[in-house]
Structures are given as C-alpha cells and as structure tokens.
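S.K.: coordinates for the following, if possible.
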Amino acid sequence: MLPHPNNDIRKLPSESRKGIVGTIIIHLTVFAVLIIFGFSVPPPPEPEEGILVNFGYDETGAGLIEPSAPALQEETSPPLPSQSVVNSKEDPLLTQNTEDAPEVKKVDPEAEKKRLERIENEKIRRAELEVERIRKEKEEAERKKIETEKKQQAEYMNRTRDALAGSRNTGTTSKGEGITGGAGNQGDPNGSVDSQNRGPGAGLGDEGISYDLKGRGFQKLPLPKYFYNEEGRVVVEVSVDRTGKVIQAIPGIKGSSTLDDYLLKVAKEAALEARFDAKSDAPLIQKGTITYNFKLK
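M.R.: Prediction:
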C-alpha cells in the first residue's frame, strides 16, 4: 500500500526554518573568518641593513694593519651646581620635636604665699634703705652748708673784732688791759672786746634750755658743760628712736644766733645725752629740736 502523500509533505522542513538555519551558518562563517584574518597583528617590518665602515679618524691613510683604537678618556663633566633646598610657601618644612614635654610641678600654695611675702618685704626694706640714703645725703649737704656758714661767720666776727679793737686803740699807746695788774691783756683769746667780764662764763640758767618733739615728753635734758666767755643761742636738730634715745644731733641749724665752735660742740654733746619718753606708735626715726641759750653770769 502506497503511503499517503500528505504525510510526506509534513516531514519536510518549512521554508522559514531553512532560512533561519542558513542565516546562522553564514554569520558563524563570517565571524570565524574575521577572527582568523581580521584580528591578527601584522608582523613588524624588517629593519634595513646598513654597510659597515672601517674605523678611522681621517679621510686619507696607508697600510694593511689596523692601528689599535686610542685609549678611552673619561669625559670630565662640569660639577653640578649645589642645589639649595627651597621651601615653598605651600609646603612648609616640617620638623619633629622628639623632646619630652617638661613635667609640670605642683605648686604648694602656702610656700608660694611665703615666697611672695618675702619678695614684698624685700621691696619694703629696699624702699626704707633708699629713704634713709636720701635723708643722709640731705643731712650731709646741710652739714656742709652749716660748716661753710660757720667759717664765713667766724671770718666776719674776726674782722669785726679786729676792726673794733683797732678803732678803740687808735691814738693810744696802751699795750694791755686788765684789772689785775701787769703788762698783759687780761681775758680769753676767744672773748669779746666789748665785754668787761675777764673770767670764764658760767653755764645756763633754768630757762636756758627748751625742746620741741611733737607728742613726746622728756626724761632728762642735761645742761651743757659750759665754761666759756661767750654767749648765744644754739638750736640742735635731734633724731629720736621709738625708745626715746637720741641717735643723732646736728647743732647750729636755722634759728641759731651763734656758730661758735665751742658752743656748737658742747650743745651737741648735751643733746646726745638727752632722753625722751618711749612711744611705740611713733615714727621709726622722729626729728625734733633742742635749743640752748648760753648766757654769761
């Protein structure tokens, strides 16, 4: 029995399927050809061959043996300039400090307080010393001034005494004066020609001494040891400490009526022996005056 013709037609592939299969086969073939021939690296060109040239250093020459090549000389290149390191502003030079940080010591408040007190006390002490130095300089200047005034006063008194003696004796032939007899001139070399007292003086009266020391009484004001044929007022500046002791005396300050050396000397000695009342709240050094009125008796 013959097969049915419709069944054979069904077994044949359709035209569409044949087209798809053929297209895939063609693309695979083209792709393979591209891989084999299109993506291969072409070989590099062969280098050109040159012609060797004989070694020499001139265009002419003669001989069959090649001379040996000259010894190679090292080319001396100039020294490279020293390169200084330049730090750009953008890249500052960085350094590393490897030192350990110092240990901070704890401060004792009590010890620090005592240290500050010592510093303050030292400042006060120096200020007091400076004040004392200035005071001594002033006293020394005042003393020199008084000495100069004393010398001037003494010269003036001597000239006045000589002038009076000369005028009184003008026109006379007297060689002496006195009440005891003899040819001498009775009296004291430091006395006055106007005085008729030819013996030594005799001290101060009860009213002959006074003092000025604000807020302080006195314990003793001794009289000067005075045996001298001269009179006058001597004002002595005294420096008294808190215990009442006189530690310094400067005779002949302003208010004195005489600058006689002897009177100044005994007034100073008496002032140094004076004693005043103690006073704890008084200045460290209190200044005052003692006045001595020397009178002849």
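
S.K.: which ones are touching residue 150?
M.R.: By C-beta atoms under 8 Å, 6 or more residues apart in numbering, the contact list for residue 150 reads 252, 259, 261, 264. Heads up, the C-betas are built off the backbone N, CA and C, glycines and all.

S.K.: how near is the residue lying closest to the second one once chain neighbours are set aside to residue 135?
M.R.: Read that as residue 259. The shortest distance from residue 259 to any non-neighbouring residue, by C-beta to C-beta, 6 or more residues apart in numbering, is to residue 150 (4.0 Å). Here residue 150 is placed at a distance of 22 Å from residue 135 (C-beta to C-beta, to the nearest Å).

S.K.: kindly report the same for residue 233.
M.R.: 26 Å.

S.K.: which of the two has more neighbours?
M.R.: Per other C-beta atoms under 10 Å, whichever of residue 233 and residue 135 has more neighbours is residue 233, with 16 against 13.

S.K.: how about that one, phi and psi?
M.R.: Note on residue 233: backbone dihedrals following degrees, to the nearest 10 are phi -110, psi 130.

S.K.: return the per-residue confidence for the closest residue to it other than its chain neighbours.
M.R.: Nearest residue to residue 233, sequence neighbours excluded (C-beta to C-beta, 6+ apart): residue 257, at 4.3 Å. Here the pLDDT value assigned to residue 257 is 91.

S.K.: state the three-state secondary structure for residue 257.
M.R.: coil (DSSP: H, G, I helix; E, B strand; the rest coil).

S.K.: now it: how far from residue 208?
M.R.: 13 Å.

S.K.: and residue 30, by the same measure?
M.R.: From residue 30 to residue 208 the distance is 157 Å (C-beta to C-beta).

S.K.: how about the strands of the stretch 151-297 of the chain, start to end?
M.R.: Assigned by DSSP state E, counting those that start in this stretch, the stretch 151-297 of the chain shows strands spanning 209-212, 218-220, 232-240, 246-251, 275-276, 286-294.

S.K.: would TSV of those with mean pLDDT and distance to residue 129 be doable?
M.R.: Formatted as TSV, the strands of the stretch 151-297 of the chain follow (pLDDT from 0 to 100; distance: least, C-beta to C-beta, whole Å):
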stretch	mean pLDDT	distance to residue 129
strand 209-212	89	28
strand 218-220	90	30
strand 232-240	94	16
strand 246-251	94	17
strand 275-276	94	25
strand 286-294	93	18
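
S.K.: so which of those strands gets nearest residue 65?
M.R.: strand 246-251 (125.7 Å; C-beta to C-beta).

S.K.: so which bits of the closest one are buried?
M.R.: By neighbour count on 16 or more other C-beta atoms under 10 Å, the buried set for strand 246-251 is 246, 248-251.

S.K.: neighbouring strands - and their directions - for it?
M.R.: The strands that strand 246-251 pairs with in its sheet are strand 232-240 (antiparallel) (by DSSP bridges).

S.K.: could you check the angle strand 286-294 makes with the partner strand?
M.R.: 160 degrees (axes from the mean of the first three to the mean of the last three C-alpha atoms, to 10 degrees).

S.K.: contact partners of strand 232-240?
M.R.: By C-beta under 8 Å, 6+ apart, strand 232-240 touches 213, 216, 246-258, 260, 263-264, 267-268, 271, 274, 276, 285-294.

S.K.: re earlier: and the residue nearest to residue 233, how many residues sit next to it?
M.R.: Using other C-beta under 10 Å: residue 257 sits among 13 other residues.

S.K.: quick one on the thing from earlier: Serialize the buried residues of strand 246-251 to TSV and add fields for distance to residue 239.
M.R.: Shown next, in TSV, are the buried residues of strand 246-251 (distance: C-beta to C-beta, whole Å):
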residue	distance to residue 239
246	7
248	4
249	8
250	8
251	13
